[in-house]
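Participant: Here is my input, please return the structure:
(chains A and B)
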Amino acid sequence: MISRKEIDREVLKWISEPWEEDSERFNDLALKIFRHQVTHCAPYKSFCQSRGISSEIDTWRDIPVVPTTAFKEFSLRAFPKNYICKTFRTSGTSQSTKGELHLDTLQLYEKSLRSSFERGLLPDVEGSASMFLLAPSAEEVPDSSLSHMFSVMLRERGLPNSRWLIKEGELMRDSCLEALNEAQNCSHPVLFAGAAFAWVHLLEFLRSCPMNFKLSEKARCMETGGFKGKVREVNRRTLYAEISSRLGISTNMIVNQYGMTELGSQFYDSNIFSPGYPRKKMIPPWVRVQITDPITGTECRLSELGIISIFDLANTGSILAIQTSDVGKRTEGGFEVIGRSEFSDSRGCSIAIDEMLESQ
Amino acid sequence: MRRNHNREIELFDFPFEDNIDLLSAFVTEWSKGDGPIRSALQANLPEATGFHAETVKKGLAVAWDGFNGTDLWECVERELLKPLRTSSPRGFRNTAIILAGSLPMPAWHGILLPLALRSKVYVKPSRHDPVSARIFLKALAQTSPIHAEAVEIAPTDDRKSLEKEIGKSECVVVYGANATIELIRCQLPANKRLVSYGHRISCGVVGKIKAAQELQEAATSLALDIALWDQLGCLSPVEVFVQNGTIDDLADELANQLQSAENKWPRGQRDDLANVALASAISDAEFRAAANPRTRTLVGSNNEWVVVRESDNRPRPNPLNRFIRLRPFDNLSDLANALDPLSRHLACIGISDSFAQNLEAIEVISRARPSRICRLGQMQSPPFSWHHDNQSILTPLSIATDVEV
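Facilitator: Purely as a prediction, here's the structure:
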């Protein structure tokens, strides 16, 4: 069996290259990673056995997918515990169980996040950009994968005036206003990025002032994640319309990132990379996105709604095949996220147990 | 809606007893299983809410068949007349009601109760049930036009008129998610009354059962409680705590009974998000079952129902839509610990016959502060005046005046 180091080397090489589809290469690497994981991750081995799947399969499509919720209850890693160098945790209060992604190396993780980030947000930027981050710093929340991602990009592509705009759970209002003023008058690229609920806080603050800006043409915005349990819920269209009007930026320069703690790779809207074409989530060549019927488990056809599963070769140390709780559909050359079931609107009056635990 | 200022004054000054008499007659009408009100709901709710027609029919029968007009009078006596030394209890001039969810019962009680206090009512229907409030109003107009004149129903999505009516109302009643309630609470001036009914859960408790007949009865009753309203109501059990020694047999029998319930009262429509949530929860249980053989997952052929026999007492998300977790406990101390995290969120605890005579068990269960403790099979049929969210139903809508002279 090929060693983990060799697997990592091969995946790293692919991620370092320009994005290019290669089905054979994907299948070959996916099967190698699967064999490694089914051998070295005991809970995953039991799961595969319960499904009658051995390590000898021919196609990545037969790899059993693991629900993201399993990361809350099992240590899903294919390496010894004492090799852990970093653990990212899903959000939530101390009362609810958090999902954990353990890593024994950050090299692949950071290479993957950088490649997608640059393609989705900085495809037209040669050098560095001012990055204003609506998130707490990675030092403040070392187990946040989002803050880690921002810190990597700050280090790699951030200009010196880049900074974090949330500290100890509070929006740093003066710093936000300074950043927005800087972004109005600068000639270099500027990025405002953060979780959707942080954007809602910023917009509420600007509304209360009230203040409007006109950001430079090289400015862009990124939002990610949901709102549950944070602030009032806002649909994405409304959010973008308000970002656009308050910050004076075209909605074509606002990008959604779809990602999750359990994954090494992320997905960005295509609107900055491919302006003028319909918005879709771009899929890195080392990732496959499968949409399946939630009842039958069969793969959906183009545009049919189903449950999103992700096969991510950057997840060499944990599990490469992840089943999300999200609804999506395949589109030409990408996919769309239609909804996240954890944020679904209740038809009834029964509280969600996770919401209940959050409110303890 | 047409505004008639004189009518408003008429209702507010209408004799209290006559007012309750008229509404009691209306309650009697809606309680009739073969009456026009029930027929109208049965005809319209399935398409509007997605519930299967048979589920609607059974759900309404279980909820309302035992009611009649004296229930309202008893409630008035207990909550309003006995505690006060005044012959004419008062409500607010205007009450705004914001409804949520797709179950009709909260809508009907929600609109009726302020009318009992002679308050004019502005209703914002739930977007998941645009018909119940309208059927209520139409039926009310047949029995009591003066009350029907006092009810105004908002267009479902008219946010501006909702904000205007909330601004005008002296009392606001909100049903819905905690986030919605908090949002409205923040926006209301301190001098307005807010009465809120948040989302809750219910659960079952089954003690040790030895006889096969008793096991089957417990499973049949539970299946009814779970199947009605597709488990979306706050009175539907989402977890059942089962004493060890009974849990595996109950899981198997409950699966049988849920299939039988599906045959009689088929599950309604589920949207894509609900289907995905269900599939995710099944995958999660199957992953855990692979690692621990004591965890078992029993699933209907098209995910119509799911029974997960858990091997530990960890609370986990429940996607509803007839998905039930059975969680084991050994003794009452275990049970108390398992119920403790749920204690501020419980609407109802249904208990098996094997526990119904066990006073110590009932004491432990009542410490979890549910609004109701009842037998299994009766979770969906609360009394008319049940303490929804642990509160009286008329008192919060009234203006209390202590007459001390």
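
Participant: Assumed B:V62 was part of a helix.
Facilitator: Yes - for B:V62, which was evaluated using DSSP: H, G, I helix; E, B strand; the rest coil, the result is membership in a helix.

Participant: Count residues in the vicinity of it, would you?
Facilitator: 18 (other C-beta atoms under 10 Å in any protein chain shown). Where C-beta positions appear, they are placed from N, C-alpha and C, glycine not excepted.

Participant: State the distance from it to B:W386.
Facilitator: Between B:V62 and B:W386 the computed distance is 14 Å (C-beta to C-beta, to the nearest Å).

Participant: now do A:L206
Facilitator: Using C-beta to C-beta, we find A:L206 at a distance of 46 Å from B:W386.

Participant: Pick out whichever of these two has more residues nearby.
Facilitator: Taking other C-beta under 10 Å, A:L206 and B:W386 do not tie; A:L206 has more neighbours (21 against 17).

Participant: quick one: contacts for that one?
Facilitator: Residues in contact with A:L206 (C-beta atoms under 8 Å, 6 or more residues apart in numbering or on different chains) are A:212, A:246.

Participant: Which element, helix or strand, includes it?
Facilitator: For A:L206, the enclosing helix or strand under DSSP states H and E is helix A:196-208.

Participant: For that helix, the averaged confidence score.
Facilitator: Averaging pLDDT along helix A:196-208 yields 93.

Participant: now stretch A:293-305
Facilitator: What stretch A:293-305 shows for mean pLDDT is 94.

Participant: and that stretch, which residues are buried?
Facilitator: Of the residues in stretch A:293-305, those buried under the neighbour-count criterion (16 or more other C-beta atoms under 10 Å in any protein chain shown) are A:293-295, A:300, A:305.

Participant: The closest residue to B:P36 other than its chain neighbours: neighbouring residues, count only.
Facilitator: Counting by C-beta to C-beta, 6 or more residues apart in numbering or on different chains, B:P36 lies nearest to B:A139, which is 7.3 Å off, once chain neighbours are set aside. Under the neighbour criterion other C-beta under 10 Å, B:A139 is assigned a count of 21.

Participant: Quick check: B:A139 vs A:D8, distance?
Facilitator: When distance is defined by C-beta to C-beta, B:A139 is 70 Å away from A:D8.

Participant: Also B:L339?
Facilitator: 48 Å.

Participant: swap in B:S161?
Facilitator: Remark: distance between B:S161 and A:D8 (C-beta to C-beta) = 61 Å.

Participant: B:I373 too?
Facilitator: Distance from B:I373 to A:D8, counting by C-beta to C-beta: 58 Å.

Participant: now swap in B:T70 and tell me
Facilitator: Using C-beta to C-beta, B:T70 is found at 76 Å from A:D8.

Participant: can you check A:P160 too?
Facilitator: Applying C-beta to C-beta, one obtains 33 Å for the distance of A:P160 from A:D8.

Participant: How is the chain divided into domains?
Facilitator: Reading this off chain A. Under the assignment named as automatic domain parsing, the residue ranges that make up the domains of chain A are A:4-84+A:284-324, A:108-276.

Participant: Oops, wrong one, chain B.
Facilitator: Per the record, chain B has its domains at B:5-199, B:201-375, by automatic domain parsing.

Participant: What values do phi and psi take at the one residue in chain B that gets nearest to chain A?
Facilitator: Residue of chain B nearest chain A, by C-beta to the nearest C-beta: B:L232 (2.6 Å). According to degrees, to the nearest 10, the main-chain angles of B:L232 amount to phi -90, psi -10.

Participant: surely it meets B:P319?
Facilitator: No - with contact taken as C-beta atoms under 8 Å, B:L232 and B:P319 are classed as non-touching, separated by 10.8 Å.

Participant: More neighbours: which of those two?
Facilitator: The neighbour count for B:L232 versus B:P319, taken as other C-beta under 10 Å, is higher for B:P319 (28 against 24).

Participant: Against B:V238, how distant is that one?
Facilitator: Taking C-beta to C-beta as the measure, B:P319 falls 10 Å from B:V238.

Participant: same check, this time on B:L326
Facilitator: From B:L326 over to B:V238 the distance is 11 Å, taken as C-beta to C-beta.

Participant: Ok, A:V141 next?
Facilitator: Using C-beta to C-beta, one obtains 32 Å as the distance from A:V141 to B:V238.

Participant: which of these two has more neighbours?
Facilitator: With other C-beta under 10 Å as the criterion, A:V141 and B:V238 differ in neighbour count, and B:V238 comes out ahead with 24 against 17.

Participant: Please work out how many residues are found near the nearest residue to that one once chain neighbours are set aside.
Facilitator: Closest residue to B:V238 in three dimensions, ignoring its sequence neighbours and counting by C-beta to C-beta, 6+ apart: B:N318, at 4.4 Å. Burial measure for B:N318: 24 neighbouring residues, criterion other C-beta under 10 Å.
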